[in-house]
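1. Just a sequence and a predicted model for now, questions to come.
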Amino acid sequence: GNSVTQMEGPVTLSEEAFLTINCTYTATGYPSLFWYVQYPGEGLQLLLKATKADDKGSNKGFEATYRKETTSFHLEKGSVQVSDSAVYFCALIPMYSGGGADGLTFGKGTHLIIQP
Amino acid sequence: DTEVTQTPKHLVMGMTNKKSLKCEQHMGHRAMYWYKQKAKKPPELMFVYSYEKLSINESVPSRFSPECPNSSLLNLHLHALQPEDSALYLCASSPRSLNTEAFFGQGTRLTVV
């Protein structure tokens, strides 16, 4: 089956620090990979995506590269801000499914706390 | 318009009540989803509708009953819930049911008393 493993945290950093949140996956074939962010009391927002090997997704200073050889999709940001404090979910969806449909498979989420 | 709209935002219901959660999108997406999220946990898939047909039911108890009246609307009918069903219920949509991102609504915070 499909699975996503990510560091759970909480991860506490100072403002302007470099951020890395590790994410590895297990899936058959070539899934699409995503990072979602959830602020307190809100739904999930798509942060970035990559649909094939070596693709780099980027948005709002965040980046992640689809590495098929290491089955990884690590999230990075060069200089974090207090407003980046949130829960970050790594997720995948398969390219094919026997039933013709599927939902996202999520990691457990990483709670990021940025201190001024 | 990239919004998925869920109503109500908050709902408190007794264990003998019947209520419905509603979800609407106007992006022309053909797949819609219900997820359940407990505190400090990732969302758990409940149901997937693809082209208005129920494609996946992840062994959800029958006290949860989904309905997809048309390609823009998704309902979740609730009946005889238990306190442990209290959670954030998230609706999502995507252009198709595989190999593409999903867009989430803000969720309905449900409390069963």
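-> Great, that's in hand. It should be emphasised that the depicted structure is a prediction, and the values quoted were computed from it without experimental measurement.

2. distance between the host helix or strand of B:C68 and the chain's centre?
-> Using DSSP states H and E, B:C68 sits within strand B:64-70. Put simply, strand B:64-70 sits 9 Å off its chain's centre (C-alpha atoms, centre = their mean, to the nearest Å).

3. correct me, but B:E3 touches B:S72?
-> No - assessed by C-beta atoms under 8 Å, B:E3 is found out of contact with B:S72, at 11.7 Å. (Each C-beta comes from the backbone N, C-alpha and C, glycine too.)

4. And the least confident helix or strand in chain B by mean pLDDT, what does it pack against?
-> Lowest by mean pLDDT, DSSP states H and E among the helices and strands of chain B is strand B:53-57, with a mean of 89. Packing partners of strand B:53-57 (3 or more C-beta pairs under 8 Å, 6 or more residues apart in numbering or on different chains; DSSP states H and E): strand B:44-50, strand B:64-70.

5. partners of the last one in the sheet?
-> What that stands for is strand B:64-70. Here strand B:64-70 is paired, per DSSP bridges, with strand B:73-79 (antiparallel).

6. mind listing what the most centrally placed residue in chain B touches?
-> By C-alpha atoms, centre = their mean, chain B has its centre lying nearest to B:W34, at 3.0 Å. Shown in contact with B:W34 (C-beta atoms under 8 Å, 6 or more residues apart in numbering or on different chains): B:23, B:45-47, B:66, B:74, B:76, B:89-91.

7. In these, find the pair that's most separated.
-> Distances among those were taken as C-beta to C-beta; the most separated pair is B:C23 and B:L45, at 14.7 Å.

8. what about these two, which has more around it?
-> Neighbours per residue (other C-beta atoms under 10 Å in any protein chain shown) separate B:C23 from B:L45, with B:C23 holding more: 26 against 19.
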